[in-house]
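> Below is the structure, and that's it, no one-letter string:
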């Protein structure tokens, strides 16, 4: 009885370890640190199988906020970074953590708001004016507050409007400290305004009274960049496989694939890799 | 209130359709949590039994610490294991961050205090009853601990099931050390978190219903088996 | 067979035991030899159970010594065995409970089975060998405890109020088994507050009250005419 139990337990442990080792050894893969909004847009589900079919390389995407995604790269836990905060990315390279940065594509942010539109911004083309109007009537505004690319973009717009939203913290300015989806959920439940990326919005199902109120302003464009985590700092980084991914995504084929991704017939991402 | 009936519908559709992604996620959840519980039990039962039976200086402090570890938040454990397994950390060479083995380790750390603390209590209660008789028969503390572990097997099984329930239901550790990678480290709870954050609440809740049903079936089976055994053994 | 030198006589030298500020055993010196069935008799709270546990080694005396005739290694306790007032049995079969004790005593597997079967048979429990010990009746459980102790082939068998919780039928069975074990050569040392049990089983009486030995005599002589006032009162059924 004791012997049988011991044998069973031993067998299970060996099987578990064996499976893990096998899995690790067999596949060619890279770890790409990206953002939750990119993953939730569904782009990866569409794009990566194309890449894997062509190269046999499995792409494992760890989706986090931009701040955390870059931190993962600093620690060497990812091979490639694929985020959308140019300032933070260039700092990453300047600090020596990343190399070979290439611009890949852009999508845009949109201002979401309640159909009731207390700030009267619907249909406008000027995002900074819209922000000023929201603050003027102290309409509820939900911010991600999580150091993400979206959050950074939002803060830049407040700065352009000459407003410090933190003054309104807790009153009309609500920081959730969470991803795009949860923040949209919060906005939906309090009929607040929120800056969101188009991809997450198109996939978002819990809209309530929310709708797009402002879009198309050049300042709302959201640039994506891809970088290899610096192999000089982290020798174990899969630089060849990682570079293959980077090369593919800026190639004609990769750029065409990006443009091919649509939700409800609408293109989400606009490839703009330079030669 | 429309969300909940929708969720129930989703749950039924998912299960009856044998959605392959669902099967993959469920299988991984069970594998990770089951492996974690096995490790935690192998470590926790002897530890709990030893603390229950042995007498040593600082014993009360150890018991308090063990019980306090029950309150350790999963997300804190996840963070600590992440820092350990990160390439920038001491065990980075293993390269197992963002893979299932990392999730198993983290969950084992989460569950081990549960197993140890509760088995310590059960064995200590039994020891009070058995101590004189086992001493009279000449058992040393190690033999006594083993004897009590087997004799208390029914209440210990409940403890192990509680550990499994905790493991399969938690999201804090597996999210951080696993990374919720599609097809690699996505389990039931992280999938639910993802669908929630995407705003697809019926699907999230549907997955939740599937998860809870699985755990319910497991516990019901264990209950039937142990009740039958208890009737036989008293 | 047994080692040539016997465990007995057992000598207690000025043993005291204090707990919670109270002196439970208040200076007992006693020598118990082989042969007769010794019953330690006294009212509740006299310290009988504590005294027995000190003899068996489960408790250490606060002062004084417990000396056996030969030095025992730590595992020598198996040459003595004890049956408690409430039988503590493991969650396994009756047979397994007996072989458990034998395994701890270092008996080999084949002989364990043989001795266990013999013990169960001796106590009339063979038909219950495969039954789980915890579902047996009170009397059957106590008989099993006795079988477990007897299977160890101890030189000395301590019994702490073995029939206190049993009905008359079960009591008879246990007492008859004890008598038989004693007749086969095991030294019986039993603690009880039950006059009837003492009268039926004792060859000699050690009467204890308030942690002291007040009287010691052969059973017949004791019950015919006790020399101490307290013993006389106790036999009359008075509360001491």
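Right, received. Where do you want to start? All values derive from a computational prediction rather than experimental measurement.

> From here on, just use CA atoms for contacts and neighbour counts.
Fine.

> Which strands border the helix or strand where residue A:63 lies, and is each parallel or antiparallel?
Using DSSP states H and E, residue A:63 maps to strand A:58-64. Strand A:58-64 has these partner strands in its sheet, going by DSSP bridges: strand A:29-35 (parallel).

> Just after the strand it pairs with, pick out the following helix or strand.
Where DSSP H and E defines the elements, the next helix or strand beyond strand A:29-35 is helix A:36-40.

> And the contacts of the next helix or strand after that next one?
Using DSSP H and E, the helix or strand that follows helix A:36-40 towards the C-terminus is helix A:43-55. Identification of contacts with helix A:43-55 by CA atoms under 8 Å, 6 or more residues apart in numbering or on different chains yields A:38-39, A:57-59, A:245, A:248, A:257-258, A:261.

> if we go to 6 Å?
residue A:58 (CA atoms under 6 Å, 6 or more residues apart in numbering or on different chains).

> what's the answer for stretch B:72-83, then?
Stretch B:72-83 has contacts (CA under 6 Å, 6+ apart) with B:89, B:172-173, B:176-177.

> what do you get if the cut-off is 7 Å, keeping everything else the same?
Applying CA atoms under 7 Å, 6 or more residues apart in numbering or on different chains, the external contacts of stretch B:72-83 come out as B:89, B:106, B:110, B:172-174, B:176-177.

> In helices only, show me those.
B:106, B:110, B:172-174, B:176-177 (DSSP state H).

> so which of these is the most crowded?
Using other CA atoms under 10 Å in any protein chain shown as the neighbour criterion, residue B:174 leads those with 33 neighbours.

> Quick check, it in contact with residue B:102.
No - checked against CA atoms under 7 Å, the pair residue B:174 and residue B:102 is beyond contact range at 8.2 Å.

> which one of the ones in helices among the contacts of stretch B:72-83 is nearest residue B:63?
Nearest to residue B:63 among the ones in helices among the contacts of stretch B:72-83: residue B:110, at 16.9 Å, using CA to CA.

> any idea how far chain C is from the closest one?
Distance, residue B:110 to chain C, using CA to the nearest CA, to the nearest Å: 31 Å.

> Check that residue and give its pLDDT.
pLDDT for residue B:110: 97.

> How about residue B:196?
At residue B:196, the model reports a pLDDT of 87.

> Does it lie in a helix or a strand, and which?
Assigned by DSSP H and E, residue B:196 belongs to helix B:188-197.

> for that helix, packing partners?
helix B:20-53, helix B:201-233 (3 or more CA pairs under 7 Å, 6 or more residues apart in numbering or on different chains; DSSP states H and E).

> Out of those, the one nearest residue C:45 is which?
The closest of the helices and strands packed on helix B:188-197 to residue C:45 is helix B:20-53. By CA to CA, the value is 28.8 Å.

> which residues in chain A form strands?
Applying DSSP state E to chain A gives strands spanning A:29-35, A:58-64, A:80-83, A:98-114, A:141-143, A:173-175, A:193-197, A:210-214, A:221-229, A:262-263, A:266-267, A:270-271.

> Okay, now the sheet partners of the fifth one, with direction.
In other words, strand A:141-143. With DSSP bridges as the test, strand A:141-143 pairs up with strand A:173-175 (parallel), strand A:193-197 (parallel).

> neighbours around the residue lying closest to residue C:45 once chain neighbours are set aside, how many?
Nearest non-adjacent residue to residue C:45, counting by CA to CA, 6 or more residues apart in numbering or on different chains: residue C:210, 7.3 Å away. Residues lying near residue C:210 (other CA under 10 Å) number 18.

> My read is that residue C:210 contacts residue C:46, right?
Yes - assessed by CA under 7 Å, residue C:210 is found in contact with residue C:46 at 4.7 Å.

> Contact partners for residue 93?
Assuming you mean chain A. Residues near residue A:93 by CA under 7 Å, 6+ apart: residue A:99.

> Not quite, go with chain B.
Residue B:93 sits in contact with residue B:87, where contact means CA under 7 Å, 6+ apart.

> hang on, it in a helix?
Yes - the assignment for residue B:93 (DSSP: H, G, I helix; E, B strand; the rest coil) places it in a helix.

> Now name the helix or strand holding the residue of chain C positioned farthest from its centre.
Relative to the C-alpha centroid of chain C, counting by CA atoms, centre = their mean, residue C:110 is the outermost residue, at 28.1 Å. Assigned by DSSP H and E, residue C:110 falls within helix C:109-122.

> Give me the contact list for that helix.
By CA under 7 Å, 6+ apart, helix C:109-122 touches C:95, C:98-99, C:102, C:126, C:147, C:150-151.

> Redo the residues you listed as JSON lines? Include neighbour count and secondary structure.
Below are the contacts of helix C:109-122 laid out as JSON lines (neighbours: other CA atoms under 10 Å in any protein chain shown; DSSP: H, G, I helix; E, B strand; the rest coil):
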{"residue": "C:95", "neighbour count": "25", "secondary structure": "helix"}
{"residue": "C:98", "neighbour count": "29", "secondary structure": "helix"}
{"residue": "C:99", "neighbour count": "25", "secondary structure": "helix"}
{"residue": "C:102", "neighbour count": "25", "secondary structure": "helix"}
{"residue": "C:126", "neighbour count": "17", "secondary structure": "helix"}
{"residue": "C:147", "neighbour count": "29", "secondary structure": "helix"}
{"residue": "C:150", "neighbour count": "29", "secondary structure": "helix"}
{"residue": "C:151", "neighbour count": "23", "secondary structure": "helix"}
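
> what's the closest of those to chain B?
residue C:102 (8.8 Å; CA to the nearest CA).

> Show me the shaky parts of the chain.
With no chain named, the answer covers chain A. Confidence mapping of chain A against pLDDT under 70 gives the ranges A:1-5, A:7-26.

> looking at chain C here, not the other one
Along chain C, the model assigns pLDDT under 70 to residues C:1-4, C:72-78.
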